[in-house]
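Asks: Here is my input, please return the structure:
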Amino acid sequence: MMTAQSTPSQPIPQAQAPAVAPIAVVASTPGEGAIPADAHRLDEILQSGHSSSISALAFSRDGRWLASGGLDSSIILWNTSTGEQTRKWTIENSNVTQLVFSPDSKRLVSADEGGIVRGWKLESAQPQYTVNFHRFIRALAYSVDGQSWAVAADPKDEAANAQIELHDADSGNLIRTLKTEWQGVTAMTFTPQGTLIASGGALESDDAPDLSTAAWNEHTGEIEKRISGGGVVFSPDGSLVADVEELNPAKTLIKSALTGETKLVIPARATGLVRFSPDGREVIFSSAGNKELQIWSIETGKETVALPGETTIGSGGLQAVAFSADAKTVAAGPYEGNAIKTWDSGSGPELHAFPGQLAVQGIAVSPDGRWLVAGSQHGTNIWDLETRKLARMLDGAANFALFSKDGRWLATNPGAQFPGETLKVWDTKTWTLAADFHFGQRGTPVFSIAFIPNDSPLTTLGPLSRSFEFTVGGESIRSGAHHLLSLSARIRRFLPYAPA
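Replies: Sure, this is the predicted structure:
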């Protein structure tokens, strides 16, 4: 049986360093401010967020929590008001595929790709129970009264039909099994009246699946109604169902779940995810090829909000989207760096960014112990060690990060791990770019950086070292960037801990 762990999780393996790695030292020298004794552990901060793609999102009914599951075998509980990571559960070798909160917002049920369902109490570090279905789980839903949850898993063999099981929410014990006529279940939810409604069909068909819908009495297990037609997701009240047609032209159909009547046709180039708002008045869908989101009004049949995507090369589509219970907020992910973002669903502005883990290649702590800098291929994160929050993200890959002795300047460079031709210097008072030095065709990766006085003899060490001078507010500042590791070692003998 798989076991769960609470934070901190095991460190993420780092990318292989160059043959001779530059030295990274975090130390205080006489006269400098040391890191406060009660500062939070740096590894816990660097390990906050997901280290791989986001695969599931769910809001609690009371709006306090956002749960996220990832392909890094972890579940994270986020505070929606502050954006802070409250709890992290790590599951051994199993990626999370489904998340659903109980109606009272005190419990969470998860499913993973190995067919294991776990019941969690939000205040506990370990799962309350574990149920292993040994098959891929297609759908997971909590009953309206919070007394049970339903799970739809693939059949044990190809000749069998899929089944839906009802389990006790407190113990995980099986209550009853509901038989279907389908090869697989495509969507499932509980209606406010306590009816379980599901859609399914022959999922392995080469043609578009011939779907149908059925409604069961939760307490007796009897089928109350069968309807021709189905879809991939129901509205929370079970009155509507969305179906995706990939034929040319591709489109999303919004239909009545109980009659099959088409209410709205939304044209789409390639639909990714589709989700209804809790009141069923709006539907949001993503594009399969990028991270753009569109919200449509079902009543007017028009687009109401378009949320921007990302243009990063190689950026794929979103893997998880969720509405908050009041329909005012949308969460989606993953964005660059395995981040999750929340948006105002009415007007579109971004509300919070919940950072993901970066494959950190270099770190630095400001002399006063206030800032933690983590450089990676996706950019540079600036963490406030007092609040333990991500304060800012700086553009550009960084394998080296270095503060000046007074903490006023931060130098970053891609180095050898992410070859680049630029050395950037940031003003830490405003976190704006103070200087950007381009090496042009002489773009040898930088292996060591030091801030040095203007009259330092180290500026004339030879052709394999370069120094750069910049002026901010009339003040002349000079930084030395040294290109070869052999030369870097020589400089470190002059400056063993911190630049002068």
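Asks: My guess is Thr213 contacts Ser239. True?
Replies: No. With contact defined as CB atoms under 8 Å, Thr213 does not reach Ser239; the gap is 11.7 Å. The way it works is simple: take the backbone N, C-alpha and C, and place the C-beta from them, glycine included.
Asks: Those two - which one has more neighbours?
Replies: Using other CB atoms under 10 Å, the more surrounded residue of Thr213 and Ser239 is Thr213, with 25 against 16.
Asks: Give the partner strands of the helix or strand that contains the more buried one in its sheet and their orientations.
Replies: Per DSSP states H and E: Thr213 is located in strand 212-217. When pairing is defined by DSSP bridges, strand 212-217 lines up against strand 195-201 (antiparallel), strand 223-228 (antiparallel).
Asks: circling back to that earlier point, overlap in contacts of Thr213 and Ser239?
Replies: Counting by CB atoms under 8 Å, 6 or more residues apart in numbering, the common neighbours of Thr213 and Ser239 are Ala257.
Asks: Low-confidence stretches in the stretch 101-250 of the chain?
Replies: 203-209 (pLDDT under 70).
Asks: How about the chain?
Replies: 1-47, 203-209, 269-270, 289, 310-316, 357-361, 415-421, 438-448, 452-500.
Asks: Tell me where it has helices.
Replies: For the chain, the helices defined by DSSP state H cover 42-46, 485-494.
Asks: My read is that Glu224 contacts Trp216, right?
Replies: Yes. Between Glu224 and Trp216 there is a contact under CB under 8 Å: 6.6 Å.
Asks: Mutual contacts of these two, please.
Replies: Taking CB under 8 Å, 6+ apart as the criterion, Glu224 and Trp216 both touch Thr195.
Asks: Which of those two has more residues huddled nearby?
Replies: Shown here are Glu224 and Trp216; by other CB under 10 Å, Trp216 has more neighbours (22 against 12).
Asks: For the closest residue to the more buried one other than its chain neighbours, list the residues it contacts.
Replies: Leaving aside its sequence neighbours, Trp216 sits nearest to Leu196 (CB to CB, 6 or more residues apart in numbering; 4.6 Å). When contacts are counted by CB under 8 Å, 6+ apart, Leu196 touches 141, 143, 150, 164, 166, 178, 188-190, 215-216, 218.
Asks: which residues touch the residue nearest to Asp384 when sequence neighbours are not counted?
Replies: Ranked by CB to CB, 6+ apart and with sequence neighbours excluded, the top spatial neighbour of Asp384 is Ala391, at 4.5 Å. Counting by CB under 8 Å, 6+ apart, Ala391 makes contact with 371, 382-384, 431.
Asks: among the residues you listed, who's most crowded?
Replies: Busiest of the contacts of Ala391 [other CB under 10 Å] is Trp383, holding 24 neighbours.
Asks: picking up where we left off before, strands - which of the contacts of Leu196 land there?
Replies: 141, 150, 164, 166, 178, 188-190, 215-216 (DSSP state E).
Asks: nearest to Ser51, of those residues?
Replies: The closest of those to Ser51 turns out to be Ala141 (CB to CB; 28.7 Å).
Asks: Number of residues surrounding the closest one?
Replies: Residues near Ala141, counting by other CB under 10 Å: 23.
Asks: That one touches Leu99, doesn't it?
Replies: No. Taking contacts as CB under 8 Å, Ala141 lies outside contact range of Leu99: 11.4 Å.
Asks: For the stretch 151-300 of the chain, just list every one of the strands.
Replies: 163-168, 174-179, 184-190, 195-201, 212-217, 223-228, 233-234, 240-245, 251-256, 262-267, 271-276, 282-287, 293-297 (DSSP state E, counting those that start in this stretch).
Asks: now those strands in a markdown table, with distance to Leu410?
Replies: Below are the strands of the stretch 151-300 of the chain laid out as a markdown table (distance: least, CB to CB, whole Å):
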| stretch | distance to Leu410 |
| --- | --- |
| strand 163-168 | 53 |
| strand 174-179 | 57 |
| strand 184-190 | 49 |
| strand 195-201 | 54 |
| strand 212-217 | 58 |
| strand 223-228 | 61 |
| strand 233-234 | 46 |
| strand 240-245 | 47 |
| strand 251-256 | 46 |
| strand 262-267 | 47 |
| strand 271-276 | 38 |
| strand 282-287 | 36 |
| strand 293-297 | 34 |
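Asks: just so I know, which of those strands lies nearest Ala306?
Replies: Closest among the strands of the stretch 151-300 of the chain, using CB to CB: strand 293-297, at 5.5 Å.
Asks: Tell me which residues are up against the closest one.
Replies: Taking CB under 8 Å, 6+ apart as the rule, strand 293-297 contacts 264, 266, 281-286, 302-307, 309, 318, 321, 330, 332, 343, 345.
Asks: List the residues that contact Gly231.
Replies: 186-187, 199, 211, 241-244, 253, 255, 257.
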